[in-house]
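> The amino acid sequence is not available; the structure is as follows:
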């Protein structure tokens, strides 16, 4: 076997990323029709707010011009799961909002109640550069695979 690394004509990294994003859709489809999650389950979903197909209120884009984390636990409504995106109603400062989030925009999915998490790479090619801003201080969990948890990190470095 050779130590030489060859360029693949098959986009394995994209195929794996898409397959893992399908896990998010499948998990969300398990709770469609509910307005809360069973037991202690709760989901932190982090996504790129400027990614193509993301539809969130302008005040959220202004507050989180690059990345935002939402929490699905006790208070959400109208969850709809499609093959390439999901939509959900959430309240921000007592203001109800509908969010549409393509799976391709998701950078992390975590269910801390069972120590499960996925991290994704999101292409910056189609996104606008975010405006400079203060740190968001949202409640994104620290995700680390070094502690033996079930976090899966996929990072295929592309050769240029």
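Received it, and whenever you're ready, just let me know what you need. Computed from a prediction, not measured in an experiment: that's the story for all the values here.
> what's the distance between the longest helix seen in the chain and the middle of its chain?
In the chain, taking DSSP state H as the definition, the longest helix is helix 12-29. Averaging C-alpha positions (C-alpha atoms, centre = their mean, to the nearest Å) puts helix 12-29 11 Å from its chain's average.
> next one: stretch 62-74
Averaged C-alpha coordinates place stretch 62-74 at 10 Å from its chain's average position (C-alpha atoms, centre = their mean).
> For the closest residue in space to residue 53 that isn't next to it in sequence, give me its contacts.
Of all residues not flanking residue 53 in the chain, residue 102 sits nearest, at 3.9 Å (C-beta to C-beta, 6 or more residues apart in numbering). For glycine as for every other residue, the C-beta is placed from the backbone atoms N, C-alpha and C. The contact partners of residue 102, taken as C-beta atoms under 8 Å, 6 or more residues apart in numbering, are 51-54, 84-85.
> How about residue 106?
Going by C-beta under 8 Å, 6+ apart, residue 106 touches 21, 24, 45-47, 120, 122.
> Bridged to the residue positioned nearest the centre of the chain, which residues?
Nearest to the mean C-alpha position of the chain, by C-alpha atoms, centre = their mean, lies residue 106 at 2.6 Å. Applying DSSP bridges to residue 106 gives these bridge partners: residue 47.
> What separation is there between it and residue 17?
Distance, residue 106 to residue 17, by C-beta to C-beta, to the nearest Å: 10 Å.
> likewise residue 82?
Residue 82 sits 18 Å away from residue 17, going by C-beta to C-beta.
> neighbour count winner among these two?
Neighbours were counted for residue 82 and for residue 17 using other C-beta atoms under 10 Å; residue 17 has more, 22 against 13.
> is it true that the more buried one touches residue 121?
Yes - using C-beta atoms under 8 Å, residue 17 is in contact with residue 121, at 6.5 Å.
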